[in-house]
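Trainee: Next input, structure requested:
(2 chains)
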Amino acid sequence: MSLSANDKATVKALWAKISPKAEDIGSEALSRMLYVYPQTKTYFSHWSDLTPGSAPVRKHGKKVIGGIGLAVEKIDDLFNGLLTLSELHAFQLRVDPANFRILSHNILVVLAMLFPDDFTPEAHLALDKFFARVALALSDKYR
Amino acid sequence: MVVWTDQERAYIQDIFSKLNYEDAGPKALQRTLIVYPWTQRYFASFGNLYNAEAIMSNQKVAAHGVVVLHGLDRAMKNMDDIKNTYTELSVLHSDKLHVDPDNFRLLADCLTIVIASTMGTSFTPDVQAAWQKFLAVVVSALCRQYH
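Mentor: Sure, this is the predicted structure:
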């Protein structure tokens, strides 16, 4: 399910709109992932506080959403653009790729909450495809 | 046996009490057909689904969205026995409609997103957790009679 020129344009336009709130989005999405899908907490047993909106969650949410921003920049060549991140996730973090889908869903929920008018069905479609491609690129080096 | 806390029951009842079935149902189904276009395979008799505009203005899609939400209403009114409440619906989806159960999850996700967009920040992580648990139980009940 590759990204058409229209998908890419839609993603970039939506990103431009939402990026001022990027940190809030990252924190909120990560909070929900940890809370609604508790199995995801297994990757963060080294954190002091896994509750929604806690300091480690905010800090990490910022990092993750920064990664998404990078992916938007590299939208025309995700596999090369996210190579370093893929190696990180493959060899060090070893996050089961099923969790990428879970995080994507929570980002979409947060966008629906914060930007109900901009998160149209067409924007939803483009972003869902984009996150699927990002997940594929991130898991590229896994095996 | 599904165990519901009082808090979870309250959250679910609250969502349904504030939900406009005639608005959310159509929106959720439209979104499913647009974001996951392969789901259109089940709606060949609905006429024009060629693009997002056609889907959003399609009367049959809108009507069916309302039907789906009334189905969920039944689950909400029988929260302690969704499994048995949905026996016939499950047989219907399996034997007559031949719906791949993965599609239930797709529709559930789209409905969650529609509800998030209407509730805004009152759709807290607690509420989201309760709501998604409810939908997971519904989906499981719908899958139960598949063979």
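Trainee: from here on, contacts and neighbour counts on C-alpha atoms
Mentor: Fine.
Trainee: and the closest residue to B:Arg144 other than its chain neighbours, how many neighbours does it have?
Mentor: The shortest distance from B:Arg144 to any non-neighbouring residue, by CA to CA, 6 or more residues apart in numbering or on different chains, is to B:Ser90 (6.5 Å). The burial count assigned to B:Ser90 is 24, neighbours taken as other CA atoms under 10 Å in any protein chain shown.
Trainee: Roughly how far does B:Ser90 sit from B:Gln145?
Mentor: 5 Å (CA to CA, to the nearest Å).
Trainee: what's the answer for B:Asp126, then?
Mentor: Distance of B:Asp126 to B:Gln145, given as CA to CA: 31 Å.
Trainee: next one: B:Val114
Mentor: Distance of B:Val114 to B:Gln145, computed by CA to CA: 28 Å.
Trainee: Show me which of those two is the more surrounded one.
Mentor: In this comparison of B:Val114 against B:Gln145, neighbours counted by other CA under 10 Å, the higher total goes to B:Val114 at 26 against 18.
Trainee: what helix or strand does the more buried one sit in?
Mentor: Using DSSP states H and E, B:Val114 maps to helix B:102-119.
Trainee: What is the burial count for B:Met1?
Mentor: For B:Met1, the number of neighbouring residues by other CA under 10 Å comes to 7.
Trainee: I should have written A:Asp76 there, sorry.
Mentor: Applying other CA under 10 Å, we find 13 residues neighbouring A:Asp76.
Trainee: Kindly indicate whether it is helix, strand or coil.
Mentor: coil (DSSP: H, G, I helix; E, B strand; the rest coil).
Trainee: Contacts only, for A:Ala13.
Mentor: Under the criterion of CA atoms under 8 Å, 6 or more residues apart in numbering or on different chains, A:Ala13 has no neighbours.
Trainee: For chain B, see how far away it is.
Mentor: Going from A:Ala13 to chain B by CA to the nearest CA, to the nearest Å gives 18 Å.
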